[in-house]
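Chemist: Pasting a predicted model and its sequence here:
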2 protein chains.
Amino acid sequence: MSKKERQQQLLHIIDGNPFVTDRELTRQLKVSIQTIRLDRLELGIPELRERMKQMAEHSYDQVRSLPPDEVVGDIVDLQLDRSGISIFEIREEHVFSRNGIARGHYVFAQANSLAVAVINDEIALTASADIRFVRMVRLGEKCIAKAQVRSLAGRNGKAEVDVFTYVGEELVFQGHFVVYRSAIEEYSEGGNRSADRH
Amino acid sequence: MSKKERQQQLLHIIDGNPFVTDRELTRQLKVSIQTIRLDRLELGIPELRERMKQMAEHSYDQVRSLPPDEVVGDIVDLQLDRSGISIFEIREEHVFSRNGIARGHYVFAQANSLAVAVINDEIALTASADIRFVRMVRLGEKCIAKAQVRSLAGRNGKAEVDVFTYVGEELVFQGHFVVYRSAIEEYSEGGNRSADRH
DNA sequence: CTACATATTAGTACCTGGTTCTAAAATGAT
DNA sequence: ATCATTTTAGAACCAGGTACTAATATGTAG
């Protein structure tokens, strides 16, 4: 196996499992640990601990704002029952590889997640939505979604939330969401956010 | 300051900044590093590296389950410019772990993918949509989305597509999509579909 | 074949941020 | 004064590296 092949392999292994140590890599690639380390050096791959640190810091930046697993996009500001702001960067996995244009459902998912998150209720479910993709979004662009609660029917009623998503100053998406609260019997889209910031 | 007070302080500091080393803690709490370590031992707080590792692993579990791949749902039948059918099974990664209810944007994504796929054009972009989540979808349910093209404006015009999604006989989602064809200047949602079932 | 370059391996010293253990000193309570 | 608790000190050791030097392999051109 050539050096280049091995380095490609190495990239692939670490990509597939960032928690691998150099010692484990020697076993998988059948070269000495020094070679592994030279390879990492050439490829600019930091050591295991640094990789874990970066992942931890990255997730912490997100976690400190809100529960990331339930939500697409990072919610950076949230006034329950009032308004909220979320940021979502369009990456490789969100676009059509052919032209680098974001798939609409990611843009929708960000807005939808935010609309559900901003409603202060144990269970919030999107009942319906009226949406418009104003302009296409490209790879690398940062979508900033701003939600405003327009009306709040009492408990077990429906709330209306408007979401506008911008890239810079430009409006790229707008949506009007009707969100049911505690209406478990019907309508999809659950939501457990109940202000559980970390 | 009593031992208990100090340990409360220590908890608070680490909670506020999990990336703090024992050495930094000695500075803040004005006790020796051994005391810090005894405190961590008593409180069951792991060392810095272990804390970072846990955060990294936690975020990695989430990241790997978040964005699946290209088109959502398997397109099993497609008559371009006419109709199409796609099947999508709701799995673990598509639901809120708390209650097993599908996240709305996956149901939307299936319908959206299908609406875009059914339009026979190099570039198809969702311009707007009017959608309704009729009933929630649960873990394990198979969503069958059926798309019907309602109107087809000439090239560079807009097409209208209705999508109805069923679980068994039950309607769970309906959507009316306006899809632009070759209208690259405006509107989001690209379309590389050419029946690219994964 | 020789000479040279590149690639690989080996080995040592050193680093951070700890753990584990032993033991001495300080502090407090009775 | 005595005893228990708390705190501090110090040394040995560990993982998973970095940084550096140096020897050995391997390939390649003349």
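Modeler: Perfect, thanks for sending it.
Chemist: Tell me how many other residues crowd the closest residue to residue A:92 other than its chain neighbours.
Modeler: Nearest non-adjacent residue to residue A:92, counting by CB to CB, 6 or more residues apart in numbering or on different chains: residue A:139, 6.9 Å away. (Glycine included, C-beta is placed from N, CA and C.) By other CB atoms under 10 Å in any protein chain shown, the residues close to residue A:139 number 16.
Chemist: now residue A:74
Modeler: Residue A:74 has 18 neighbours, counted by other CB under 10 Å.
Chemist: ok, it touching residue A:88?
Modeler: Yes - Residue A:74 lies in contact with residue A:88 (CB atoms under 8 Å); the separation is 7.0 Å.
Chemist: What pairs with the lowest-mean-pLDDT helix or strand in chain A, parallel or antiparallel?
Modeler: Least confident helix or strand of chain A, by mean pLDDT, DSSP states H and E, is strand A:74-79 with a mean of 72. Sheet pairing here is set by DSSP bridges, and for strand A:74-79 it gives strand A:83-89 (antiparallel).
Chemist: what does the strand it pairs with rub up against?
Modeler: Contacting residues not belonging to strand A:83-89 are listed as A:71-78, A:106, A:110, A:113-114, A:117-118, A:140-149 [CB atoms under 8 Å, 6 or more residues apart in numbering or on different chains].
Chemist: try it again with 7 Å
Modeler: Residues from elsewhere that reach strand A:83-89 (CB atoms under 7 Å, 6 or more residues apart in numbering or on different chains): A:72-78, A:110, A:114, A:117-118, A:142-149.
Chemist: Pull out the buried members of those.
Modeler: Listed as buried from the contacts of strand A:83-89 are A:72-75, A:78, A:110, A:114, A:117-118, A:143-147, A:149; burial here means 16 or more other CB atoms under 10 Å in any protein chain shown.
Chemist: Phi, psi for the nearest residue to residue A:138 once chain neighbours are set aside please.
Modeler: Excluding the flanking residues, the one nearest residue A:138 by CB to CB, 6+ apart is residue A:100, at 5.5 Å. Torsion angles at residue A:100 (phi, psi; degrees, to the nearest 10) stand at phi 70, psi 20.
Chemist: Pull the number of nearby residues for residue A:100.
Modeler: Using other CB under 10 Å: residue A:100 sits among 17 other residues.
Chemist: just checking, it touches residue A:137?
Modeler: No - using CB atoms under 7 Å, residue A:100 makes no contact with residue A:137, being 9.7 Å away.
Chemist: who touches both of the two?
Modeler: Shared contacts of residue A:100 and residue A:137, defined by CB under 7 Å, 6+ apart, are absent.
Chemist: DNA strand D contacts on chain A?
Modeler: For chain A, the contact set with DNA strand D under CB under 7 Å from any atom of the strand comprises A:21-23, A:34, A:37, A:40-41, A:46-49.
Chemist: What segments of chain A are helices?
Modeler: All helices of chain A, identified by DSSP state H, fall at A:3-16, A:22-29, A:33-43, A:48-63, A:104-118.
Chemist: okay, the ones you listed, which one's buried deepest?
Modeler: Mean neighbours per residue, mean count of other CB atoms under 10 Å in any protein chain shown, is largest over the helices of chain A for helix A:104-118, with a mean of 28.
Chemist: which helices and strands sit right next to that helix?
Modeler: Counting by 3 or more CB pairs under 7 Å, 6 or more residues apart in numbering or on different chains; DSSP states H and E, the packing neighbours recorded for helix A:104-118 are strand A:74-79, strand A:83-89, strand A:124-133, strand A:142-152, strand A:158-167, strand A:170-181, helix B:104-118.
Chemist: mind listing what's buried in the second one?
Modeler: When you say that, I think you mean strand A:83-89. For strand A:83-89, a neighbour-count test (16+ other CB under 10 Å) marks A:83-88 as buried.
Chemist: Send me that strand as PDB with only the CA atoms.
Modeler: The C-alpha coordinates for strand A:83-89 follow below in PDB (Å, rounded to 0.1, in the frame of the first residue of the first chain):
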ATOM      1  CA  SER A  83     -40.000  34.800  20.100                       C
ATOM      2  CA  GLY A  84     -36.900  32.900  19.300                       C
ATOM      3  CA  ILE A  85     -33.800  32.900  17.100                       C
ATOM      4  CA  SER A  86     -32.000  29.900  15.600                       C
ATOM      5  CA  ILE A  87     -28.900  29.600  13.500                       C
ATOM      6  CA  PHE A  88     -28.300  26.800  11.000                       C
ATOM      7  CA  GLU A  89     -25.300  26.600   8.700                       C
END
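Chemist: pLDDT weak spots in chain A?
Modeler: Applying pLDDT under 70 to chain A flags residues A:59-71, A:76, A:97-98, A:120-124, A:154-156, A:182-198.
Chemist: Break it into its domains for me.
Modeler: Per automatic domain parsing, the structural domains of chain A span A:3-58, A:70-181.
Chemist: Those into a markdown table, with extra columns for distance to residue B:92?
Modeler: Below are those laid out as a markdown table (distance: least, CB to CB, whole Å):
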| stretch | distance to residue B:92 |
| --- | --- |
| domain A:3-58 | 20 |
| domain A:70-181 | 14 |
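Chemist: Quick one: closest of those to residue B:27.
Modeler: For residue B:27, the closest of the domains of chain A is domain A:3-58, at 20.8 Å, according to CB to CB.
Chemist: got the end-to-end distance for the closest one?
Modeler: 32 Å (CA to CA, to the nearest Å).
Chemist: Also stretch A:150-169?
Modeler: 22 Å.
Chemist: and if you look at stretch A:12-29?
Modeler: One end of stretch A:12-29 sits 12 Å from the other (CA to CA).
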